[in-house]
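Novice: Sequence below, structure please.
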Amino acid sequence: MHLAIWHGYLLADTGSNIYTQAIARAWGHLGHDVTLLCQEPRPERYDLGPTVRVVRPDIGRLLPVFVLDRYEGLEARHVADFGAREVAAYTRANARALRADLREREGALVLANHAVMGGPVARSGTRGPGTPYVLKVHGSELEYAIAGHEWLAPLARGGLDEAAAVVVGSDHIRQRTAALVGEGQWLERTHTVPPGVDVEAFAPGRGSLAELARLLVHRPDLGDRGPDAGAADRLTGLGRFVLYFGKLLRQKGVHTLLEAWRAVAERHPGVTLVVVGFGTDRAELEADAGERVVFTGAMDHAQLQRLVPLADAVVVPSVLPEAFGMVAAEAASCGVVPIVADHSGLAEVADGLGAGGRRFDGTAADLAARLDELLSLDADGRRRLGAIAREAVIRRWSWEGIAGRLLELVPEAAQGRARAGR
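Specialist: Numbers count the residues shown, from 1 in each chain. Sure, this is the predicted structure:
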């Protein structure tokens, strides 16, 4: 079966990028011919398998984004700052590339990421070939784009209305999408299919500071998307530690974690807080860090897979809603208890982990109490909780299981296309 995935961005560092990479790889492993259309300049870095072909649509220089970052060879601009002509030009360029692939290979299904801009691209790109498309809604376009920019809602709504099926990662995202773009028949074609975790790569036995040090090679070409030049030295001799990995933005709640850490650090003198990631608020956060806090810069998945299993706890303190707690699920897969903010998709992950997860009410005081609880346990106690967490991840969120669930939508997508009047 030929399957196409449209994704407007890269293949690493953020949730939707990792999602795209993992689904493409899993579909390839399941024996399907896959075309992945994205803006990744170096797809050879990723072991996607022999049946996955990467195509980079020629979009010119302008790239619509939800959070401003640097992209090699492109000018990133917030999607809300795009004019109608720029939206049309971007949609046209991507739809042309998608349409060419579907006509050449007779695609059975298209998976498009993001209601903005995946919806408009898939809607236009599948019209000629007649291929059904599934639209995957992520939290980023909802919270960082449509919320506060109501004129983007009709742009998203058009893609939802014509999608043969809509996929959301959590019930929270289903509700949030309806609240921002309006309810409609698309809700009847909406399925909750959470993202997945590579349970072989994120595993308890894979932690190794020595192997991590070998992998932490500073690469100036990556800019702030790679580890700092001194990252390996900063982690030398690291003992017990609490870990954060993700974007360094206030919206991600890192400031709340630092405040909680200042209350906890004195009671646990043998424990360090390690902060992994990149983002525009790094300098401000680092200046406010306090004692025994190590910033490393960003790490890729291979590096994180050596670090995460060694942590006493992983904290996911996001202030804004999250579609799904990918970081929490990856930590749990490593046998490490995640502490998550009690809202949105994070709370749904905590529910799925049962005794293997912890949640806090969003305040630094409550986060400090949860940290205190876990850090006061002996190693055997933490391992027992971690084993519960890992078993839950294997049962619920392996990538091949998630990829298979998406493929189950293929016959339903054909019916959904008819219901959508395509």
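
Novice: For E150, list the residues it contacts.
Specialist: E150 makes no contacts at all, as judged by Cβ atoms under 8 Å, 6 or more residues apart in numbering. All C-beta atoms are positioned from the backbone trio N, CA, C, and that covers glycine.

Novice: what's the answer for G125, then?
Specialist: 6, 94-99, 102, 110.

Novice: tell me, how many neighbours does R105 end up with?
Specialist: Using other Cβ atoms under 10 Å, R105 is surrounded by 17 other residues.

Novice: quick one: it and D33 touch, right?
Specialist: Yes - using Cβ atoms under 8 Å, R105 makes contact with D33 at a distance of 6.9 Å.

Novice: list residues touching both of these two?
Specialist: H2.

Novice: In CSV: the contacts of G125, plus neighbour count, secondary structure and pLDDT.
Specialist: Shown next, in CSV, are these (neighbours: other Cβ atoms under 10 Å; DSSP: H, G, I helix; E, B strand; the rest coil; pLDDT from 0 to 100):
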residue, neighbour count, secondary structure, pLDDT
W6, 30, strand, 98
N94, 26, helix, 98
A95, 21, helix, 98
R96, 14, helix, 98
A97, 21, helix, 98
L98, 29, helix, 97
R99, 18, helix, 97
L102, 23, helix, 95
V110, 28, strand, 96
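
Novice: State the pair within those that is farthest apart.
Specialist: Spatial extent of the contacts of G125 (Cβ to Cβ) is set by the pair R96 and V110 at 14.2 Å.

Novice: Can you show me the CA trace of stretch 158-166 as PDB?
Specialist: These are the backbone C-alpha positions of stretch 158-166, laid out as PDB (Å, rounded to 0.1, in the frame of the first residue of the first chain):
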ATOM      1  CA  GLY A 158     -11.900  23.900   5.900                       C
ATOM      2  CA  GLY A 159      -9.400  21.100   6.200                       C
ATOM      3  CA  LEU A 160     -11.300  19.500   9.100                       C
ATOM      4  CA  ASP A 161     -14.600  19.500   7.200                       C
ATOM      5  CA  GLU A 162     -13.200  17.800   4.100                       C
ATOM      6  CA  ALA A 163     -11.000  15.300   6.000                       C
ATOM      7  CA  ALA A 164     -12.100  11.700   5.600                       C
ATOM      8  CA  ALA A 165     -11.000  11.200   9.300                       C
ATOM      9  CA  VAL A 166      -9.500  13.400  12.000                       C
END
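
Novice: quick one: average pLDDT of stretch 191-206?
Specialist: Averaged across stretch 191-206, the pLDDT comes to 93.

Novice: end-to-end on that stretch?
Specialist: The first and last residues of stretch 191-206 sit 34 Å apart, counting by Cα to Cα, to the nearest Å.

Novice: what does stretch 35-52 give?
Specialist: Taking Cα to Cα as the measure, stretch 35-52 stretches 6 Å from start to finish.

Novice: Same question for stretch 162-173.
Specialist: In stretch 162-173, first residue to last residue: 19 Å (Cα to Cα).

Novice: likewise stretch 242-259?
Specialist: 14 Å.

Novice: Could you break this protein into its assigned domains?
Specialist: Using automatic domain parsing, the domain parsing of the chain gives 2-196+399-419, 204-396.

Novice: Could I get the contacts of G125 in JSON lines, plus columns for distance to H78?
Specialist: Formatted as JSON lines, the contacts of G125 follow (distance: Cβ to Cβ, whole Å):
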{"residue": "W6", "distance to H78": "20"}
{"residue": "N94", "distance to H78": "18"}
{"residue": "A95", "distance to H78": "22"}
{"residue": "R96", "distance to H78": "24"}
{"residue": "A97", "distance to H78": "23"}
{"residue": "L98", "distance to H78": "24"}
{"residue": "R99", "distance to H78": "27"}
{"residue": "L102", "distance to H78": "30"}
{"residue": "V110", "distance to H78": "26"}
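
Novice: tell me which residues in the helix or strand harbouring R405 are buried?
Specialist: When elements are assigned from DSSP states H and E, R405 belongs to helix 399-407. Neighbour-count burial for helix 399-407, counted by 16 or more other Cβ atoms under 10 Å, picks out 399-400, 402-403, 406-407.

Novice: Can I get these in JSON lines including pLDDT and distance to R384?
Specialist: Output for these, formatted as JSON lines (pLDDT from 0 to 100; distance: Cβ to Cβ, whole Å):
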{"residue": "W399", "pLDDT": "91", "distance to R384": "26"}
{"residue": "E400", "pLDDT": "87", "distance to R384": "28"}
{"residue": "I402", "pLDDT": "92", "distance to R384": "27"}
{"residue": "A403", "pLDDT": "93", "distance to R384": "31"}
{"residue": "L406", "pLDDT": "93", "distance to R384": "34"}
{"residue": "L407", "pLDDT": "90", "distance to R384": "36"}
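
Novice: What residues does the closest residue to A263 other than its chain neighbours make contact with?
Specialist: Spatial nearest neighbour of A263, chain neighbours left out: A368 (4.2 Å); criterion: Cβ to Cβ, 6 or more residues apart in numbering. For A368, the contacting residues are 260-261, 263-264, by Cβ under 8 Å, 6+ apart.
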